[in-house]
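**Q** Structure of the sequence below:
(one chain, ligands or ions: 2)
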Amino acid sequence: MFSKYKKPNAPKDAPAAAGRPKVSVTPAAAPKVDEARKSLMKAMPEKRAAEAGPVDKDKRRKERLSEIKLELHKSLLDNLNLAALESASEAELRNEINSIANESLEEMGIVLNRDERQALSQDLFFEVTGLGPLETLLKDPSVNDILVNGPQQIFVERDGKLQLTDITFKDEKHLLRIIDKIVSAVGRRVDESNPYVDARLADGSRFNAMVPPIAVDGSLVSIRKFKKDKLGIEELVKFGAFTEEMAAYLQAAVSTRLNVIVSGGTGSGKTTTLNALSGFIDDAERILTIEDTAELQLQQTHVGRMESRPPNVEGRGGVSQRDCLKNALRMRPDRIIVGETRGEEVIDMLQAMNTGHDGSMTTIHANSARDGVSRLENMIAMAGIEMPLKAMRSQISSAVNLIVQASRLQDGSRRMTSITEITGMEGDVISMQEIFRYQRVGLTPDNKIIGHFTATGVRSHYSDRFKLWGYDLPPAIFEPMVAE
Ligand SMILES: Nc1ncnc2c1ncn2[C@@H]1O[C@H](COP(=O)(O)OP(=O)(O)OP(=O)(O)O)[C@@H](O)[C@H]1O
Ligand SMILES: [Mg+2]
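**A** Residues are numbered from 1 along each chain as shown. Ligands and ions are numbered 1, 2, ... in the order given. Okay, the predicted model is just below:
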């Protein structure tokens, strides 16, 4: 019935048992199945399995299922016409996979219960069409990050916490095959001579892989899953990332075109915050975004998106964020948003902020506002710009108005732990004032952080500007919370 998905050269009259559909295992594939059965039997003598304890037995059964899966997958690849699969509907494909799998199982003389059969058929479907064991995790909305450390260890991040899963790859070869599938789909290559790759999956997720020998104990894969519905300001307030008062302040800051830097550690919510803040930008403005991996999802109508590109294997064709940024300045932007400033583009970013593209935003990797400024200084120095420290600082202080600190706290919660204004220079030092902060007061017995947001009591340096632009923030916003 679904023979259009079978390879045209697959023999249609392979030996079949009477009374059941024709077996579609090719003669070449059949011995493999036999071999698999033998090796399975070798690995698991019936008697030993019977003596084993329930945990052992469970583990063996799992191993056995995974061996069977691998064998069936091979047999599927031998038998399915992959080109025809592209136009197949999901139901057709599932049917086809099931029928080939059932035939092969019968061939192998393996009996599975209903649940096992269902799980197997789901896994096979993911192997053929998707990313194998990773597929379930990619589909799980509670998972933010997927981290693979070699074939036997897959961690996920849920609610800011890392958890080890019981999902594994069969072996390194299996893991490499999936990595290869991902990177070849985006026209990239990863192998011994080119052992790491950064890419974006079809669904927008950010993907990084590093393979042996650089990855010592098996390939390392990190996936930051793409959230279609990005967390907006309201959700972030609801989740306790910051307060309504802070949101009102940030709205005034973004709308009145202050230059904002979101600073934070890895996975602290920088991109999420940047994306949410961009929601305050007026729909009439022309925004250009520049990223290494396009993650931002702006809601405005007038958005031009750019993604940098690493050079190819011959070292050609690279387009850096700095190239994009330089070009962006000729594209009449009202605002420029750089996903993450991490290198030489810092110069152009600061210049853009200083020369009429106010209201620009970016993120940097730093642990506090002060640390963020040092990071900027370091990046300028590393870009090879010879500039006296004072000039450098004065450039930074006139370019950047606000540093918003995002943090992932030890209980996994993500919060905006500080909002700091840059107010100018005092001698050689950049002066700053913190307007809001997250005050930690303790820990619950189950290690949840107790704390609250508070204003520091300092009046905003930009109050007059806010007022002029029609953002008359009530003074109560800036009053510190009184401890009870
Ligand atoms: N306040 C929050 N509450 C719950 N989840 C959040 C919050 N902020 C961010 N997240 C989630 O945390 C994950 C990491 O966020 P994000 O990508 O913004 O971090 P990042 O600092 O940009 O990371 P990286 O350093 O890897 O670029 C995402 O899956 C995001 O949806
Ligand atoms: Mg990010």
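
**Q** Point me to the residue of the stretch 301-450 of the chain nearest ligand 2.
**A** Per C-beta to the ion, Glu340 is where the stretch 301-450 of the chain lies closest to ligand 2, at 5.9 Å. Backbone N, C-alpha and C define where each C-beta goes, glycine included.

**Q** What separation is there between that residue and Met349?
**A** 11 Å (C-beta to C-beta, to the nearest Å).

**Q** what's the answer for Val156, then?
**A** Distance from Val156 to Met349, by C-beta to C-beta: 34 Å.

**Q** One more: Arg414?
**A** From Arg414 to Met349 the distance is 25 Å (C-beta to C-beta).

**Q** quick one, which of the two is more surrounded?
**A** Under the neighbour definition other C-beta atoms under 10 Å, Arg414 and Met349 were set side by side, and Met349 has more, 28 against 23.

**Q** contacting residues around Asn327?
**A** Met306 (C-beta atoms under 8 Å, 6 or more residues apart in numbering).

**Q** Could you confirm it falls within a strand?
**A** No. Read with DSSP: H, G, I helix; E, B strand; the rest coil, Asn327 is helix and lies in no strand.

**Q** what pLDDT does it get?
**A** We have a pLDDT of 94 for Asn327.

**Q** how far away is it from Ser320?
**A** From Asn327 to Ser320 the distance is 11 Å (C-beta to C-beta).

**Q** quick revisit: joint contacts of Glu340 and Met349?
**A** Thr362.

**Q** circling back to that earlier point, just give the closest residue to the residue of the stretch 301-450 of the chain closest to ligand 2, not the sequence neighbours.
**A** Thr363 (4.9 Å; C-beta to C-beta, 6 or more residues apart in numbering).

**Q** Quick check, that neighbour in contact with Val260.
**A** No. Checked against C-beta atoms under 8 Å, the pair Thr363 and Val260 is beyond contact range at 9.5 Å.

**Q** Get me the contact residues on the chain for ligand 1.
**A** Applying C-beta under 6 Å from any ligand atom, one finds that the chain approaches ligand 1 through 144, 224, 227, 231, 236, 239, 241, 264, 266-272, 414.

**Q** residues in contact with Gly267?
**A** With the criterion set at C-beta under 8 Å, 6+ apart, Gly267 makes contact with Asn144, Asp145, Glu157, Arg224, Arg408.

**Q** Go ahead and confirm the fourth one touches Asn144.
**A** Yes. Taking C-beta under 8 Å as the definition, Arg224 is a contact partner of Asn144 at 7.3 Å.

**Q** more crowded one of these two?
**A** Arg224 (20 against 17).

**Q** Need phi/psi at the more buried one.
**A** When read as degrees, to the nearest 10, the backbone of Arg224 gives phi -100, psi 110.

**Q** Please apply the same query to Gly442.
**A** According to degrees, to the nearest 10, Gly442 has phi 170, psi -160.

**Q** Any figure for the gap between it and Arg415?
**A** Counting by C-beta to C-beta, the gap from Gly442 to Arg415 is 15 Å.

**Q** neighbour-wise, which of these two wins?
**A** When neighbours are counted by other C-beta under 10 Å, Gly442 and Arg415 differ, and Arg415 comes out ahead with 22 against 8.

**Q** Would you quantify the distance from that one to Glu135?
**A** Arg415 is 32 Å from Glu135, by C-beta to C-beta.

**Q** list the helices and strands the longest helix seen in the chain packs on?
**A** Counting by DSSP state H, the longest helix found in the chain is helix 54-79. Other elements packing on helix 54-79 under the criterion 3 or more C-beta pairs under 8 Å, 6 or more residues apart in numbering; DSSP states H and E are helix 29-43, helix 90-108, helix 114-129.

**Q** Distance-wise, check Gly150 relative to Gly130.
**A** 21 Å.

**Q** Comparing those two, which shows the higher neighbour count?
**A** Gly150 (19 against 16).

**Q** so that one touches Glu172, yeah?
**A** Yes. Shown here, Gly150 and Glu172 form a contact pair, counting by C-beta under 8 Å, at 7.0 Å.

**Q** which residues are common contacts for these two?
**A** With contacts defined as C-beta under 8 Å, 6+ apart, the residues adjacent to both Gly150 and Glu172 are Gly218, Ser219.

**Q** nearest residue to Met210 other than its sequence neighbours?
**A** Tyr196 (4.1 Å).

**Q** Just give me the neighbour total for that neighbour.
**A** For Tyr196, using other C-beta under 10 Å, the count is 13.

**Q** for Pro141, what are its contacts?
**A** Taking C-beta under 8 Å, 6+ apart, one finds nothing in contact with Pro141.

**Q** Which pLDDT value goes with it?
**A** So Pro141 comes in at 91 (pLDDT).

**Q** still on that earlier bit, so what's the residue count around the residue of the stretch 301-450 of the chain closest to ligand 2?
**A** 20.

**Q** so when I look at it, I'm seeing a helix, right?
**A** No. Counting by three-state DSSP, Glu340 is located in no helix; its state is coil.

**Q** pretty sure it contacts Ile290?
**A** No. Using C-beta under 8 Å, Glu340 makes no contact with Ile290, being 9.7 Å away.

**Q** Quick check: the residue of the stretch 51-200 of the chain found nearest ligand 1 vs Asp159, distance?
**A** With C-beta to the nearest ligand atom, the shortest gap between the stretch 51-200 of the chain and ligand 1 falls at Asn144, namely 3.4 Å. Asn144 sits 8 Å away from Asp159, going by C-beta to C-beta.
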